[in-house]
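In: generate a structure from the sequence data that follows.
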Amino acid sequence: MHPYIPNTTIEEDQMLQSIGIKNTDALFSDIPAEVRLTRKLNLGDSMSELELSRFVKGLADKNKSIDDMVCFLGAGAYDHYIPSIIKHITSRSEFYTAYTPYQPEISQGTLQVIFEYQTMIANVTGMDVANASMYDGATACAEAGMMAVENTKRKSLVVSKSVHPEVRQVLATYMKFHGVEVVELDCKDGVTDAEALKTAVSGTTAGVVVQSPNFFGIVEDLTEIESITHNSKAMLIVNVIDPISLGILKTPGELGADIVVGEGQAFGNSLNFGGPYVGFMATTNKLMRKMPGRIVGETTDIDGKRAFVLTLQAREQHIRREKATSNICSNQALNALISSIYLTTMGKNGLKEVAEQCASKAHYAYDQIIGTGKFKPVFDKPFFKEFVVQSSRKASEINAELLKHNILGGYDLVKDYPGMENALLFCVTEKRTKQEIDKLVEILKGM
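Out: Got it, this is the predicted structure:
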(Lines give C-alpha, C1' and ligand atoms only; values in the text may rest on other atoms or scores of the structure.)
Protein backbone atom coordinates (compact mmCIF):
# COMPACT_ATOMS: atom_id res chain seq x y z
CA MET A 1 0.00 0.00 0.00
CA HIS A 2 3.03 2.32 0.11
CA PRO A 3 2.95 5.31 -0.46
CA TYR A 4 -0.65 5.56 0.82
CA ILE A 5 0.44 4.10 4.16
CA PRO A 6 3.52 6.16 5.01
CA ASN A 7 5.55 3.38 6.69
CA THR A 8 8.59 2.37 4.62
CA THR A 9 9.89 -1.21 4.38
CA ILE A 10 12.74 -0.33 6.74
CA GLU A 11 10.28 1.05 9.31
CA GLU A 12 8.11 -2.07 9.00
CA ASP A 13 11.16 -4.27 9.71
CA GLN A 14 12.01 -2.14 12.75
CA MET A 15 8.48 -2.49 14.13
CA LEU A 16 8.44 -6.25 13.56
CA GLN A 17 11.83 -6.57 15.29
CA SER A 18 10.66 -4.53 18.27
CA ILE A 19 7.73 -6.91 18.91
CA GLY A 20 9.79 -10.02 18.25
CA ILE A 21 8.29 -11.46 15.07
CA LYS A 22 9.77 -12.02 11.61
CA ASN A 23 6.93 -10.97 9.30
CA THR A 24 3.41 -9.57 9.24
CA ASP A 25 1.89 -13.02 8.66
CA ALA A 26 2.84 -13.88 12.23
CA LEU A 27 0.45 -11.15 13.42
CA PHE A 28 -2.43 -13.38 12.26
CA SER A 29 -1.17 -16.67 13.70
CA ASP A 30 -4.08 -16.86 16.17
CA ILE A 31 -6.60 -16.89 13.30
CA PRO A 32 -7.35 -20.47 12.16
CA ALA A 33 -5.90 -21.22 8.72
CA GLU A 34 -9.25 -22.43 7.35
CA VAL A 35 -10.84 -18.98 7.70
CA ARG A 36 -7.95 -17.00 6.26
CA LEU A 37 -7.97 -15.63 2.71
CA THR A 38 -5.11 -17.38 0.93
CA ARG A 39 -5.23 -15.35 -2.28
CA LYS A 40 -4.82 -11.72 -3.18
CA LEU A 41 -7.88 -9.49 -3.18
CA ASN A 42 -9.70 -9.49 -6.52
CA LEU A 43 -9.34 -5.77 -7.14
CA GLY A 44 -8.45 -5.87 -10.81
CA ASP A 45 -5.68 -3.88 -12.44
CA SER A 46 -4.54 -0.61 -10.94
CA MET A 47 -6.08 2.62 -12.25
CA SER A 48 -5.10 6.23 -12.37
CA GLU A 49 -7.11 8.69 -10.29
CA LEU A 50 -8.96 9.86 -13.40
CA GLU A 51 -9.79 6.29 -14.45
CA LEU A 52 -10.95 5.38 -10.97
CA SER A 53 -13.20 8.44 -10.75
CA ARG A 54 -14.88 7.50 -14.03
CA PHE A 55 -15.27 3.88 -12.92
CA VAL A 56 -16.88 4.78 -9.58
CA LYS A 57 -19.14 7.37 -11.23
CA GLY A 58 -20.27 4.69 -13.68
CA LEU A 59 -21.25 2.45 -10.77
CA ALA A 60 -23.05 5.30 -9.02
CA ASP A 61 -24.98 6.20 -12.17
CA LYS A 62 -26.59 2.76 -12.10
CA ASN A 63 -28.53 3.86 -9.02
CA LYS A 64 -31.77 5.79 -9.25
CA SER A 65 -32.55 8.25 -6.50
CA ILE A 66 -35.44 10.54 -5.63
CA ASP A 67 -33.72 13.17 -7.77
CA ASP A 68 -34.54 10.95 -10.75
CA MET A 69 -37.92 9.63 -9.62
CA VAL A 70 -41.20 10.75 -8.08
CA CYS A 71 -41.47 9.15 -4.66
CA PHE A 72 -44.71 7.82 -3.16
CA LEU A 73 -42.88 5.47 -0.82
CA GLY A 74 -42.73 6.15 2.92
CA ALA A 75 -42.98 3.41 5.56
CA GLY A 76 -40.64 5.19 7.97
CA ALA A 77 -38.33 7.10 5.60
CA TYR A 78 -39.80 10.24 4.05
CA ASP A 79 -39.04 12.43 1.05
CA HIS A 80 -39.54 15.91 2.50
CA TYR A 81 -38.18 19.21 1.26
CA ILE A 82 -34.82 20.05 2.85
CA PRO A 83 -34.15 23.80 3.15
CA SER A 84 -30.90 24.81 1.40
CA ILE A 85 -29.63 26.49 4.56
CA ILE A 86 -29.07 23.06 6.12
CA LYS A 87 -26.22 21.97 3.85
CA HIS A 88 -24.51 25.35 4.19
CA ILE A 89 -24.47 25.30 7.99
CA THR A 90 -23.69 21.60 8.42
CA SER A 91 -20.76 21.83 5.99
CA ARG A 92 -18.93 24.17 8.36
CA SER A 93 -15.87 22.33 9.72
CA GLU A 94 -16.60 23.15 13.37
CA PHE A 95 -19.76 21.05 13.06
CA TYR A 96 -18.79 18.09 10.91
CA THR A 97 -15.51 17.51 12.76
CA ALA A 98 -16.88 18.06 16.26
CA TYR A 99 -16.65 15.25 18.80
CA THR A 100 -17.96 14.62 22.31
CA PRO A 101 -17.90 17.94 24.19
CA TYR A 102 -16.21 16.74 27.39
CA GLN A 103 -14.41 20.07 27.77
CA PRO A 104 -17.16 22.71 27.97
CA GLU A 105 -14.71 25.61 27.91
CA ILE A 106 -13.88 24.84 24.27
CA SER A 107 -17.18 23.19 23.23
CA GLN A 108 -19.78 25.88 23.84
CA GLY A 109 -21.02 25.87 20.25
CA THR A 110 -21.58 22.11 20.14
CA LEU A 111 -23.18 22.12 23.59
CA GLN A 112 -25.54 24.95 22.65
CA VAL A 113 -26.64 23.13 19.48
CA ILE A 114 -27.49 20.03 21.52
CA PHE A 115 -29.24 22.14 24.17
CA GLU A 116 -31.40 23.82 21.53
CA TYR A 117 -32.11 20.43 19.94
CA GLN A 118 -33.26 19.03 23.28
CA THR A 119 -35.47 22.06 23.86
CA MET A 120 -37.18 21.79 20.49
CA ILE A 121 -37.72 18.02 20.76
CA ALA A 122 -39.25 18.51 24.21
CA ASN A 123 -41.54 21.23 22.82
CA VAL A 124 -42.58 19.22 19.75
CA THR A 125 -43.37 16.08 21.77
CA GLY A 126 -44.96 17.95 24.70
CA MET A 127 -42.62 16.33 27.22
CA ASP A 128 -40.52 17.80 30.04
CA VAL A 129 -37.06 16.83 28.88
CA ALA A 130 -35.25 15.29 25.90
CA ASN A 131 -31.75 13.84 25.66
CA ALA A 132 -28.91 14.56 23.25
CA SER A 133 -30.38 12.30 20.54
CA MET A 134 -30.11 8.55 19.97
CA TYR A 135 -28.72 6.31 17.24
CA ASP A 136 -32.03 5.88 15.40
CA GLY A 137 -35.74 5.51 16.03
CA ALA A 138 -35.71 1.72 16.42
CA THR A 139 -32.94 1.55 19.02
CA ALA A 140 -34.46 4.54 20.80
CA CYS A 141 -37.62 2.47 21.25
CA ALA A 142 -35.57 -0.42 22.62
CA GLU A 143 -33.90 1.95 25.09
CA ALA A 144 -37.34 3.19 26.15
CA GLY A 145 -38.39 -0.42 26.77
CA MET A 146 -35.39 -0.93 29.04
CA MET A 147 -36.23 2.31 30.84
CA ALA A 148 -39.72 1.00 31.56
CA VAL A 149 -38.35 -2.33 32.80
CA GLU A 150 -35.81 -0.59 35.02
CA ASN A 151 -38.36 1.82 36.46
CA THR A 152 -41.18 -0.67 37.13
CA LYS A 153 -39.01 -3.68 37.98
CA ARG A 154 -41.29 -5.74 35.72
CA LYS A 155 -40.23 -8.11 32.97
CA SER A 156 -42.62 -7.86 30.02
CA LEU A 157 -43.59 -5.37 27.33
CA VAL A 158 -46.74 -5.22 25.21
CA VAL A 159 -46.24 -3.83 21.69
CA SER A 160 -48.94 -3.24 19.11
CA LYS A 161 -48.49 -4.84 15.69
CA SER A 162 -49.36 -1.45 14.22
CA VAL A 163 -45.87 -0.33 15.33
CA HIS A 164 -43.29 -0.29 12.50
CA PRO A 165 -42.20 -3.94 11.87
CA GLU A 166 -38.50 -3.08 11.97
CA VAL A 167 -38.91 -1.31 15.31
CA ARG A 168 -40.61 -4.40 16.69
CA GLN A 169 -37.78 -6.59 15.44
CA VAL A 170 -35.13 -4.41 17.09
CA LEU A 171 -37.16 -4.26 20.30
CA ALA A 172 -37.46 -8.05 20.37
CA THR A 173 -33.71 -8.48 19.82
CA TYR A 174 -32.78 -6.14 22.66
CA MET A 175 -35.30 -7.62 25.08
CA LYS A 176 -34.29 -11.22 24.32
CA PHE A 177 -30.86 -10.61 25.79
CA HIS A 178 -32.30 -8.80 28.81
CA GLY A 179 -34.68 -11.62 29.65
CA VAL A 180 -37.74 -9.47 28.93
CA GLU A 181 -40.85 -10.99 27.35
CA VAL A 182 -42.30 -9.08 24.38
CA VAL A 183 -46.01 -9.64 23.76
CA GLU A 184 -47.19 -8.54 20.29
CA LEU A 185 -50.78 -7.35 20.15
CA ASP A 186 -52.96 -7.90 17.07
CA CYS A 187 -54.60 -4.95 15.33
CA LYS A 188 -58.28 -4.42 14.70
CA ASP A 189 -59.31 -2.33 11.68
CA GLY A 190 -55.73 -1.09 11.36
CA VAL A 191 -55.32 0.18 14.93
CA THR A 192 -54.39 -1.19 18.34
CA ASP A 193 -57.15 -3.45 19.69
CA ALA A 194 -58.10 -1.84 23.00
CA GLU A 195 -60.07 -4.88 24.20
CA ALA A 196 -57.14 -7.18 23.46
CA LEU A 197 -54.87 -4.72 25.29
CA LYS A 198 -56.98 -5.02 28.44
CA THR A 199 -56.37 -8.76 28.39
CA ALA A 200 -52.68 -8.50 27.51
CA VAL A 201 -51.56 -6.12 30.26
CA SER A 202 -51.00 -7.53 33.72
CA GLY A 203 -49.03 -7.02 36.88
CA THR A 204 -45.87 -8.05 35.02
CA THR A 205 -46.25 -5.46 32.22
CA ALA A 206 -43.55 -2.81 32.38
CA GLY A 207 -44.73 -0.81 29.37
CA VAL A 208 -47.04 -0.61 26.40
CA VAL A 209 -45.55 0.46 23.05
CA VAL A 210 -47.83 2.10 20.48
CA GLN A 211 -47.21 4.23 17.40
CA SER A 212 -49.19 7.20 16.10
CA PRO A 213 -49.54 7.74 13.22
CA ASN A 214 -49.04 3.99 13.06
CA PHE A 215 -47.37 1.94 10.33
CA PHE A 216 -50.54 2.06 8.23
CA GLY A 217 -50.56 5.87 8.48
CA ILE A 218 -53.59 5.86 10.80
CA VAL A 219 -53.81 8.25 13.74
CA GLU A 220 -54.32 6.09 16.83
CA ASP A 221 -56.77 7.09 19.56
CA LEU A 222 -54.41 7.02 22.53
CA THR A 223 -56.97 8.06 25.15
CA GLU A 224 -58.25 4.58 26.00
CA ILE A 225 -54.80 3.03 25.52
CA GLU A 226 -53.36 5.50 28.03
CA SER A 227 -56.09 4.67 30.55
CA ILE A 228 -55.61 0.90 30.24
CA THR A 229 -51.83 1.23 30.49
CA HIS A 230 -51.75 3.45 33.55
CA ASN A 231 -54.51 1.53 35.35
CA SER A 232 -52.13 -1.43 35.32
CA LYS A 233 -49.31 0.85 36.56
CA ALA A 234 -47.36 0.25 33.36
CA MET A 235 -45.65 2.96 31.30
CA LEU A 236 -46.97 4.31 28.01
CA ILE A 237 -44.26 4.45 25.34
CA VAL A 238 -45.33 6.35 22.22
CA ASN A 239 -43.29 5.73 19.08
CA VAL A 240 -43.36 8.60 16.55
CA ILE A 241 -41.85 7.44 13.27
CA ASP A 242 -43.38 10.45 11.48
CA PRO A 243 -42.69 13.53 13.66
CA ILE A 244 -43.94 15.93 10.96
CA SER A 245 -47.41 14.86 12.13
CA LEU A 246 -46.80 16.69 15.40
CA GLY A 247 -47.23 19.93 13.48
CA ILE A 248 -51.01 19.42 13.55
CA LEU A 249 -51.74 16.54 15.96
CA LYS A 250 -51.93 16.60 19.74
CA THR A 251 -48.55 15.89 21.30
CA PRO A 252 -47.91 12.55 23.03
CA GLY A 253 -47.30 14.56 26.20
CA GLU A 254 -50.82 15.96 26.07
CA LEU A 255 -52.13 12.40 25.68
CA GLY A 256 -50.37 11.08 28.78
CA ALA A 257 -47.22 9.43 27.39
CA ASP A 258 -44.45 8.56 29.84
CA ILE A 259 -41.73 8.16 27.20
CA VAL A 260 -41.78 9.42 23.61
CA VAL A 261 -39.32 8.05 21.08
CA GLY A 262 -39.10 8.34 17.34
CA GLU A 263 -37.17 8.81 14.14
CA GLY A 264 -35.95 12.31 13.32
CA GLN A 265 -35.10 11.67 9.65
CA ALA A 266 -38.08 13.75 8.49
CA PHE A 267 -36.64 16.81 10.24
CA GLY A 268 -34.30 17.84 7.41
CA ASN A 269 -32.25 14.66 7.05
CA SER A 270 -31.82 13.11 3.61
CA LEU A 271 -33.06 9.60 2.87
CA ASN A 272 -29.40 8.55 2.64
CA PHE A 273 -30.23 5.05 1.35
CA GLY A 274 -31.56 4.21 4.82
CA GLY A 275 -29.10 5.98 7.09
CA PRO A 276 -27.50 7.45 9.06
CA TYR A 277 -30.64 8.68 10.80
CA VAL A 278 -31.25 10.10 14.26
CA GLY A 279 -33.45 8.84 17.07
CA PHE A 280 -35.06 11.13 19.60
CA MET A 281 -36.23 10.46 23.15
CA ALA A 282 -38.21 12.64 25.51
CA THR A 283 -39.75 11.90 28.88
CA THR A 284 -41.07 13.35 32.13
CA ASN A 285 -39.03 15.00 34.84
CA LYS A 286 -39.73 11.98 37.03
CA LEU A 287 -37.88 9.69 34.62
CA MET A 288 -35.14 12.12 33.62
CA ARG A 289 -32.38 10.35 35.55
CA LYS A 290 -33.29 7.03 33.96
CA MET A 291 -32.74 8.28 30.40
CA PRO A 292 -29.82 6.84 28.41
CA GLY A 293 -27.25 9.07 26.80
CA ARG A 294 -26.58 12.64 27.74
CA ILE A 295 -28.42 15.79 28.66
CA VAL A 296 -26.88 19.21 28.08
CA GLY A 297 -27.85 21.84 30.62
CA GLU A 298 -27.73 25.62 30.77
CA THR A 299 -25.82 27.46 33.50
CA THR A 300 -23.70 30.59 33.96
CA ASP A 301 -19.94 30.89 33.82
CA ILE A 302 -17.61 32.63 36.26
CA ASP A 303 -18.49 35.97 34.66
CA GLY A 304 -22.22 35.37 34.95
CA LYS A 305 -22.66 34.74 31.21
CA ARG A 306 -24.92 32.07 29.74
CA ALA A 307 -23.02 28.80 29.35
CA PHE A 308 -23.67 25.12 28.62
CA VAL A 309 -22.39 21.89 30.18
CA LEU A 310 -22.99 18.15 30.08
CA THR A 311 -25.37 17.97 33.02
CA LEU A 312 -26.54 14.36 33.24
CA GLN A 313 -24.43 11.51 31.94
CA ALA A 314 -23.99 9.34 35.05
CA ARG A 315 -26.06 6.61 33.41
CA GLU A 316 -23.33 5.87 30.90
CA GLN A 317 -20.93 2.95 31.02
CA HIS A 318 -17.78 5.07 30.85
CA ILE A 319 -18.74 6.48 34.27
CA ARG A 320 -20.87 3.83 35.97
CA ARG A 321 -19.53 0.84 34.03
CA GLU A 322 -21.67 -2.26 34.64
CA LYS A 323 -24.15 -0.25 36.75
CA ALA A 324 -25.06 1.97 33.81
CA THR A 325 -28.72 1.88 32.74
CA SER A 326 -27.66 1.84 29.09
CA ASN A 327 -24.58 1.15 26.98
CA ILE A 328 -25.21 4.05 24.61
CA CYS A 329 -22.20 6.35 24.82
CA SER A 330 -22.64 8.71 21.91
CA ASN A 331 -25.31 10.49 19.93
CA GLN A 332 -26.00 11.34 16.30
CA ALA A 333 -24.84 14.93 16.80
CA LEU A 334 -24.54 15.92 13.13
CA ASN A 335 -27.99 14.53 12.32
CA ALA A 336 -29.39 16.18 15.44
CA LEU A 337 -27.84 19.45 14.26
CA ILE A 338 -29.72 19.03 10.98
CA SER A 339 -32.95 18.54 12.93
CA SER A 340 -32.20 21.67 14.96
CA ILE A 341 -31.61 23.76 11.84
CA TYR A 342 -34.75 22.37 10.19
CA LEU A 343 -36.99 23.09 13.18
CA THR A 344 -35.47 26.54 13.63
CA THR A 345 -35.93 27.35 9.95
CA MET A 346 -39.50 26.09 9.77
CA GLY A 347 -40.69 27.37 13.14
CA LYS A 348 -44.11 26.48 14.54
CA ASN A 349 -46.02 27.88 11.59
CA GLY A 350 -43.74 26.29 9.00
CA LEU A 351 -43.96 22.85 10.61
CA LYS A 352 -47.74 23.20 10.75
CA GLU A 353 -47.87 24.18 7.06
CA VAL A 354 -45.75 21.19 6.02
CA ALA A 355 -48.02 18.88 8.02
CA GLU A 356 -51.19 20.43 6.57
CA GLN A 357 -49.89 20.13 3.01
CA CYS A 358 -48.96 16.48 3.58
CA ALA A 359 -52.40 15.67 4.96
CA SER A 360 -54.27 17.59 2.27
CA LYS A 361 -52.33 16.10 -0.64
CA ALA A 362 -52.50 12.58 0.82
CA HIS A 363 -56.27 12.76 1.13
CA TYR A 364 -56.56 14.09 -2.42
CA ALA A 365 -54.44 11.20 -3.71
CA TYR A 366 -56.47 8.70 -1.68
CA ASP A 367 -59.78 9.96 -3.06
CA GLN A 368 -58.48 9.95 -6.64
CA ILE A 369 -57.04 6.41 -6.37
CA ILE A 370 -60.25 5.02 -4.88
CA GLY A 371 -62.16 6.92 -7.57
CA THR A 372 -60.47 4.88 -10.30
CA GLY A 373 -62.53 1.86 -9.29
CA LYS A 374 -59.36 -0.24 -9.48
CA PHE A 375 -58.58 0.01 -5.76
CA LYS A 376 -60.56 -0.29 -2.57
CA PRO A 377 -59.84 1.14 0.88
CA VAL A 378 -58.50 -1.30 3.45
CA PHE A 379 -59.23 0.72 6.58
CA ASP A 380 -61.87 3.30 7.46
CA LYS A 381 -59.84 5.33 9.94
CA PRO A 382 -58.38 8.86 9.97
CA PHE A 383 -54.90 8.98 8.46
CA PHE A 384 -52.17 11.59 8.20
CA LYS A 385 -50.07 11.28 5.02
CA GLU A 386 -49.93 7.51 4.44
CA PHE A 387 -52.82 5.26 3.50
CA VAL A 388 -53.46 1.66 2.47
CA VAL A 389 -55.33 0.61 -0.68
CA GLN A 390 -55.86 -2.83 -2.16
CA SER A 391 -56.04 -4.06 -5.75
CA SER A 392 -56.88 -7.28 -7.53
CA ARG A 393 -53.35 -7.24 -8.93
CA LYS A 394 -50.16 -8.02 -7.03
CA ALA A 395 -48.54 -5.02 -5.39
CA SER A 396 -45.18 -6.00 -6.89
CA GLU A 397 -46.67 -5.87 -10.40
CA ILE A 398 -48.15 -2.43 -9.78
CA ASN A 399 -44.85 -1.09 -8.48
CA ALA A 400 -42.99 -2.57 -11.46
CA GLU A 401 -45.32 -0.76 -13.85
CA LEU A 402 -44.95 2.52 -11.94
CA LEU A 403 -41.18 2.12 -12.05
CA LYS A 404 -41.32 2.15 -15.86
CA HIS A 405 -42.72 5.69 -15.53
CA ASN A 406 -40.02 6.77 -13.04
CA ILE A 407 -42.43 6.58 -10.11
CA LEU A 408 -41.41 4.92 -6.86
CA GLY A 409 -44.65 3.27 -5.75
CA GLY A 410 -46.05 2.25 -2.39
CA TYR A 411 -44.81 -0.23 0.20
CA ASP A 412 -45.91 -3.85 -0.35
CA LEU A 413 -47.50 -4.71 3.00
CA VAL A 414 -47.53 -8.46 2.46
CA LYS A 415 -43.81 -8.40 3.30
CA ASP A 416 -44.66 -7.83 6.96
CA TYR A 417 -48.37 -8.65 7.20
CA PRO A 418 -49.05 -12.04 5.51
CA GLY A 419 -52.81 -11.50 5.37
CA MET A 420 -52.55 -8.28 3.37
CA GLU A 421 -52.01 -9.53 -0.19
CA ASN A 422 -52.16 -6.91 -2.95
CA ALA A 423 -52.15 -4.07 -0.40
CA LEU A 424 -50.00 -0.98 -0.94
CA LEU A 425 -49.04 1.69 1.58
CA PHE A 426 -48.75 5.01 -0.30
CA CYS A 427 -47.12 8.13 1.13
CA VAL A 428 -47.68 11.71 -0.04
CA THR A 429 -45.48 14.52 1.32
CA GLU A 430 -45.56 18.26 0.72
CA LYS A 431 -43.11 17.79 -2.19
CA ARG A 432 -45.65 16.03 -4.36
CA THR A 433 -47.46 18.25 -6.86
CA LYS A 434 -50.99 17.85 -8.18
CA GLN A 435 -49.54 16.97 -11.57
CA GLU A 436 -47.43 14.17 -10.05
CA ILE A 437 -50.38 12.79 -8.11
CA ASP A 438 -52.62 12.95 -11.17
CA LYS A 439 -50.02 11.12 -13.25
CA LEU A 440 -49.83 8.38 -10.59
CA VAL A 441 -53.62 8.03 -10.67
CA GLU A 442 -53.69 8.00 -14.47
CA ILE A 443 -51.19 5.13 -14.61
CA LEU A 444 -53.01 3.17 -11.91
CA LYS A 445 -56.31 3.68 -13.72
CA GLY A 446 -54.90 2.41 -17.00
CA MET A 447 -53.41 -0.79 -15.58
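In: contacts, neighbours, all on C-alpha from now
Out: OK.
In: so Ile82 touches Gly268, yeah?
Out: Yes. Counting by CA atoms under 8 Å, Ile82 does reach Gly268; the two are 5.1 Å apart.
In: more neighbours, those two?
Out: Neighbours were counted for Ile82 and for Gly268 using other CA atoms under 10 Å; Gly268 has more, 26 against 16.
In: what number of residues lie near Glu353?
Out: Neighbours of Glu353 (other CA under 10 Å): 17.
In: look at it and give its secondary structure.
Out: Judged by DSSP: H, G, I helix; E, B strand; the rest coil, the three-state class of Glu353 is helix.
In: who are the contact partners of it?
Out: Each residue near Glu353 by CA atoms under 8 Å, 6 or more residues apart in numbering is listed here: Gly247.
In: on that earlier part again, any shared contact partners between Ile82 and Gly268?
Out: The overlap between the contact sets of Ile82 and Gly268 (CA under 8 Å, 6+ apart) consists of Tyr342.
In: how far off centre is stretch 170-187?
Out: For stretch 170-187, the separation from the chain centroid amounts to 19 Å (computed by CA atoms, centre = their mean, to the nearest Å).
In: now stretch 39-59
Out: On the basis of CA atoms, centre = their mean, stretch 39-59 sits 34 Å off its chain's mean C-alpha point.
In: could you tell me the end-to-end distance of that stretch?
Out: Chord length of stretch 39-59, first to last residue, is 25 Å (CA to CA, to the nearest Å).
In: then stretch 73-93?
Out: Taking CA to CA, stretch 73-93 runs 34 Å from one end to the other.
In: quick check: mean pLDDT across it?
Out: On average, the pLDDT along stretch 73-93 is 95.
In: dihedrals phi and psi, Ile407?
Out: Per-residue torsions, Ile407: phi -120, psi 130 (degrees, to the nearest 10).
In: make that Thr283, sorry
Out: phi -150, psi -170.
In: give me the neighbour count for the closest residue to it other than its chain neighbours.
Out: Of all residues not flanking Thr283 in the chain, Ile259 sits nearest, at 4.5 Å (CA to CA, 6 or more residues apart in numbering). For Ile259, the count of nearby residues is 29 (other CA under 10 Å).
In: report the contact partners of Ile259.
Out: Contact analysis of Ile259 by CA under 8 Å, 6+ apart lists Ala144, Met235, Leu236, Ile237, Val238, Met281, Ala282, Thr283, Thr284.
In: tell me the pLDDT of it.
Out: On the pLDDT scale, Ile259 is placed at 98.
In: just Phe273 next, same as before
Out: Phe273 is assigned a pLDDT of 87 by the prediction.
In: relative to Ala77, how far out is it?
Out: Going from Phe273 to Ala77 by CA to CA gives 9 Å.
In: now swap in Leu440 and tell me
Out: Separation of Leu440 from Ala77 (CA to CA): 20 Å.
In: same check, this time on Ile407
Out: Ile407 is 16 Å from Ala77, by CA to CA.
In: quick one: neighbours of Glu421, just the number.
Out: Residue crowding around Glu421 was assessed by other CA under 10 Å; the count is 17.
In: next, the closest residue to it other than its chain neighbours: secondary structure please.
Out: What sits nearest to Glu421 in space, not counting adjacent residues and going by CA to CA, 6+ apart, is Val414, at 5.3 Å. Put simply, Val414 is helix when judged by three-state DSSP.
In: now Val414: how far from Phe426?
Out: Applying CA to CA to Val414 and Phe426 gives a distance of 14 Å.
In: which of those two has more neighbours?
Out: Phe426 (25 against 16).
In: got a list of what that one touches?
Out: Phe72, Leu73, Gly74, Glu386, Phe387, Val388, Val389, Gly409, Gly410, Tyr411.
In: would you turn the contacts of Ile259 into JSON lines with pLDDT, distance to Ser29 and secondary structure?
Out: Below are the contacts of Ile259 laid out as JSON lines (pLDDT from 0 to 100; distance: CA to CA, whole Å; DSSP: H, G, I helix; E, B strand; the rest coil):
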{"residue": "Ala144", "pLDDT": "97", "distance to Ser29": "43", "secondary structure": "helix"}
{"residue": "Met235", "pLDDT": "97", "distance to Ser29": "52", "secondary structure": "strand"}
{"residue": "Leu236", "pLDDT": "97", "distance to Ser29": "52", "secondary structure": "strand"}
{"residue": "Ile237", "pLDDT": "97", "distance to Ser29": "49", "secondary structure": "strand"}
{"residue": "Val238", "pLDDT": "97", "distance to Ser29": "51", "secondary structure": "strand"}
{"residue": "Met281", "pLDDT": "96", "distance to Ser29": "45", "secondary structure": "strand"}
{"residue": "Ala282", "pLDDT": "97", "distance to Ser29": "49", "secondary structure": "strand"}
{"residue": "Thr283", "pLDDT": "97", "distance to Ser29": "50", "secondary structure": "strand"}
{"residue": "Thr284", "pLDDT": "97", "distance to Ser29": "53", "secondary structure": "coil"}
